[in-house]
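>>> fold the following and give me the result.
(3 chains)
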Amino acid sequence: MNASFAELSARERLAAVVDAGSFHEWLPPSERVMSPHLAQLGVPAAFDDGVAIGRATLAGRVIFVAAQEGEFMGGGVGEVHGAKLAGLLRRALRDRPAAVVLLAESGGVRLHEANAGLIAVSEVMRALLDVRAAGIPTIVLIGGANGCFGGMGIVARCADTVVMSDIARHAMSGPEVIESAHGAGEFDSRDRALVWRTTGGKHRWLTGDCDELVEDDPDAFRAAAIAALAAHGPLTLAALQQESALLQRRADVDGDNADAFELWSRLGVDDARAVPDLDADAVRARRPVAMAPLATGGA
Amino acid sequence: MTTVADSPWTRQRGNRAARLARASALAGVRAKTVEAGAIVALLEALIEPGDRVCLEGDNQKQADFLARALTQVAPARVHDLHMVQSVLSLPEHLDVFELGIASRLDFSFSGPQAARLAQLLGQGKLQIGAIHTYLELFGRYFIDLTPKVSLIAAQAADAQGNLYTGPNTEDTPAIVEATAFKSGIVVAQVNEIVDRLPRVDIPADWVDFVVKAPQPAFIEPLFTRDPAQISEIQVLMAMMAIKGIYAEYGVQSLNHGIGFDTAAIELLLPTYGERLGLKGKICRHWALNPHPALIPAIEAGWVESVHSFGSELGMEDYIRARPDVFFTGADGSLRSNRAFCQAAGHYACDLFIGSTLQMDMQGNSSTATLGRIAGFGGAPNMGADARGRRHASEAWLKAGREARSGLSGARGTPRGQKLVVQMVETFREHMQPAFVETLDAWKLAEQAKLALPPIMIYGDDVTHVLTEEGIANLLLCRDDEEREQAIRGVAGFTPAGQWRDRAMVERLRQRGVIRRPADLGIDPRDATRNLLAARTMRDLVRASGGLYQPPRRFRNW
Amino acid sequence: MAGMETLHYAFDGGRALPPFAPALVGVVASGNLEVLVEPAAGTGCRIDVDTSARGFGPIWEAVLRDFHARHGLGGLVVSIHDMGATPAVVSLRLDQAISAIGGATP
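Purely as a prediction, here's the structure:
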């Protein structure tokens, strides 16, 4: 049986994606750059505040990389965690690596840290957009069981390329939040099949919100990151127009907020009901052409 | 001349005829068929005060429509019922006591209603006759707890009243046999009425009334364990079980109590077990519900047969596709039978392994805690030596030899012994020690005025205690003191474990009474989740070739 | 106010390992812990524990004493952030950490 990307810790995933042994960590655990807030709340801190950052190579090219640990505080971004990400991105503006790769698994802002967390996430967003503006590819890999939500969901969508496995989820509001706000009739968060077809990798792929869909396999993520790096080119007017057409098409067919099965069918996916049980390769083949963003980053 | 009704020897028959006459006079009742809207009136016509009523609350299948209807009868007409049932699962099962409809209870398991049951008992709203193990309760249905009226659940009925109980046949045959053949009355709720049943599980002759329930009967998926929740410690303990006990004794036939630790064993057979060269040598015949976690082992050719107490949601198509392994009818669906599976588990299995919440220094274990009366289920039967067993197997003979070594007289007469293994982590959630000097069961017995503390499995029957610290082989203990120290020796850092006599524990280790992972050639650092043949629910689905369809709550893709 | 409990232990007379880079194992999550092992001067083994599960000092002492008896290493400091792991998990992580810095199997 293959290794599972989702099973691995953040550090193990990072090691599996980059070239073997090439990772050099900045602000490693032994430097104890930790959250100043958690102790007061009786919550244990982590030596790396839940994110490992540093420099590595990917297929021989120098990249900057970060990996969020989803098991620590749900991957929530606190002050220090966010500062490490923002700092990594700002350093990329100075050092101009071949890409910045982010292994994202997060519920968004770490609520324990309140405003400090909110500010941290917005600084990460701004820094990431600056990196994009400087023409440095930004690649996000989403493959953890907790998914990528909240402010980090927005950060991820701001990147050039998003790679997801079908276990992964990517959205802004979490399922329980939607249910609390709008009722179980609108969205039953315990209906896990519904949650995954609304926020999961297959849905994002079919509707044009993710650039590559892979199996839950570290080798597949590595290959997708390498391909994204190789395929990256500057943002063009044609790509923006394609994106606009894609969004318009989605809006046109989805006027009544239909269930995902209905939406996929309307977009032209054959046998939409079979999708949840297909593997990643089979689902990749089913994406309608109109939902494929013109390549700026992904395959 | 005395008529049937007058004869002192046929009173039950006469009484049965009178009840049936009252029922057939009701609007909404035509021969055996009852309209859903007439169900309360039917029960009021059929049931008399003081009756013994069996309400089918099996472990999984629940006659929920009939349970609800029973709570709606007028207590003035129907009261002081004596409820006999396997499981108290639904709120309605206790509502009947609060409403003054029932007053006495005999049962086996009450996990889902454990707290409320304790409350009601404390408030004097019900009396408990006894808490049983399943097979014992079924046995009493034929001795002194015969139901007068049984309210059962089936999947389908035909026009004659034959019933199909399908994969979740469970307790129904035992209940109906006892009731129907002692002038009792059987009322069945079904999900559908069809022209032709897939197969006949209960003949129409044994069934008096059939009602189509507005909603399908409730079935709980109790035996599905998400492999993603299995911890490294559980993998370690599973490795020790396989190498230190299953391989050591050559266990051919067995039952696993449900849990993540036993799921870990099931998932380690095709990987770790394979590496040890054990395929074909152990674990060939199972008394087991259709655990999804067994799929990889079945697919890898480990399993020759599985007989089941009940079914498991999502496993239906997989079972249909594996009739060489499971017990299935000519229609292709599973036939489960709790009574027979319990008998099989008692007499025909070399080994039982399960977990517990608490164990004392004699090896007695209990899941009873204060404020909760959870009952026993099948564990006392599965986890007891089968003293009536006579057929030999390698494992049974070896355990028997170890137990009787050095004994003489009656106690030393050569015989086999069933391996009864209690597998438990030394600390439970919230750092509660699993090993204690005195079981909570004693306090519960006082509180609930029970004749005996509710001990699930007696230390006398336990042959091995397996924790993350190692295996204590109680068969090799020569007296109570050795037994106590053997248990303390694997109780780790719990207070009970820290009280060990270190010198004695070391001597027990030298003798092989206690074996640590290292003594078994196992390095705890090798106990990783990568050893599991399936690490996620999706892995199980893939292992089954897409045949297994997990219930919704387990899906994450 | 609820808070963390901090515990400190020091054991003597260990044997030094070849020079090693700091190593981290585990994750701070419910029922789990992270363990950072770093070189230190001298032959002692110092262990610092920050835990959210308060009141288990005596058990920590017994577990760590056993750990030291098992490996007998000196010249290191072990720092732990714990979130209610059982002794079984603590011992496992400690052993994994020693593996990570090249310590031999006990």
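>>> please make it C-alpha for all contacts and neighbour counts, starting now.
Fine.
>>> so which strand or helix has residue 89?
You didn't pick a chain, so chain A it is. Using DSSP states H and E, residue A:89 maps to helix A:79-95.
>>> if you could check chain C rather than the one you did, that'd help
Counting by DSSP H and E, residue C:89 is part of helix C:87-100.
>>> list the buried residues for that helix?
Neighbour counts over helix C:87-100 (16 or more other CA atoms under 10 Å in any protein chain shown) mark C:87-98, C:100 as buried.
>>> now those residues in a markdown table, with pLDDT?
Shown next, in a markdown table, are these (pLDDT from 0 to 100):
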| residue | pLDDT |
| --- | --- |
| C:87 | 96 |
| C:88 | 94 |
| C:89 | 95 |
| C:90 | 97 |
| C:91 | 96 |
| C:92 | 95 |
| C:93 | 97 |
| C:94 | 97 |
| C:95 | 94 |
| C:96 | 95 |
| C:97 | 96 |
| C:98 | 94 |
| C:100 | 93 |
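>>> could you work out the most separated pair of these?
C:87 and C:100 (19.7 Å; CA to CA).
>>> can you count the residues close to residue A:239?
15 (other CA atoms under 10 Å in any protein chain shown).
>>> follow-up on the earlier one: may I have the strands that pair with the next helix or strand after the helix holding residue A:89, each with its orientation?
Along the chain past helix A:79-95, the next helix or strand (assigned with DSSP H and E) turns out to be strand A:99-104. Note on strand A:99-104: by DSSP bridges, its sheet partners are strand A:61-68 (parallel), strand A:138-142 (parallel).
>>> deepest of those, which one?
Comparing these by mean neighbour count (mean count of other CA atoms under 10 Å in any protein chain shown), strand A:138-142 ranks first with a mean of 28.
>>> what lies in contact with that strand?
Here strand A:138-142 makes contact (CA atoms under 8 Å, 6 or more residues apart in numbering or on different chains) with A:99-105, A:128, A:131-132, A:148, A:156, A:159-165, A:168-170, A:221, A:225, A:228-229, A:297.
>>> among these, which are located in strands?
Using DSSP state E, the members of those that fall within strands are A:99, A:100, A:101, A:102, A:103, A:104, A:161, A:162, A:163, A:164, A:165.
>>> residue of the stretch 101-250 of chain B closest to chain C, please.
residue B:233 (7.1 Å; CA to the nearest CA).
>>> for the closest residue to chain A within the stretch 401-550 of chain B, give me its contacts.
Closest residue of the stretch 401-550 of chain B to chain A, CA to the nearest CA: residue B:533 (7.4 Å). The contact partners of residue B:533, taken as CA under 8 Å, 6+ apart, are A:1, B:267, B:268, B:269, B:270, B:271, B:296.
>>> could you check the pLDDT of it?
Residue B:533 is assigned 97 on the pLDDT scale.
>>> rewinding a little: what's the burial count for the closest residue to the residue of the stretch 101-250 of chain B closest to chain C other than its chain neighbours?
Nearest non-adjacent residue to residue B:233, counting by CA to CA, 6 or more residues apart in numbering or on different chains: residue B:468, 6.5 Å away. Residues within reach of residue B:468, counting by other CA under 10 Å, total 26.
>>> need the helices for the stretch 301-450 of chain B, in chain order.
B:316-320, B:338-347, B:379-382, B:394-404, B:440-448 (DSSP state H, counting those that start in this stretch).
>>> quick one: average confidence on the helix holding residue A:89?
On average, helix A:79-95 scores 98.
>>> okay, it in PDB with CA atoms only?
Extracted C-alpha coordinates of helix A:79-95, given in PDB (Å, rounded to 0.1, in the frame of the first residue of the first chain):
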ATOM      1  CA  GLU A  79       1.200  35.800  15.600                       C
ATOM      2  CA  VAL A  80       4.500  34.000  15.400                       C
ATOM      3  CA  HIS A  81       3.300  31.400  12.900                       C
ATOM      4  CA  GLY A  82       2.100  34.100  10.600                       C
ATOM      5  CA  ALA A  83       5.300  36.100  11.100                       C
ATOM      6  CA  LYS A  84       7.300  33.100  10.000                       C
ATOM      7  CA  LEU A  85       5.200  32.800   6.800                       C
ATOM      8  CA  ALA A  86       5.300  36.500   6.100                       C
ATOM      9  CA  GLY A  87       9.000  36.600   6.800                       C
ATOM     10  CA  LEU A  88       9.600  33.700   4.400                       C
ATOM     11  CA  LEU A  89       7.700  35.500   1.700                       C
ATOM     12  CA  ARG A  90       9.500  38.800   2.200                       C
ATOM     13  CA  ARG A  91      12.800  37.100   2.200                       C
ATOM     14  CA  ALA A  92      11.800  35.600  -1.200                       C
ATOM     15  CA  LEU A  93      11.400  39.100  -2.500                       C
ATOM     16  CA  ARG A  94      15.100  39.700  -1.600                       C
ATOM     17  CA  ASP A  95      16.600  36.300  -2.500                       C
END
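>>> thanks a lot, catch you later.
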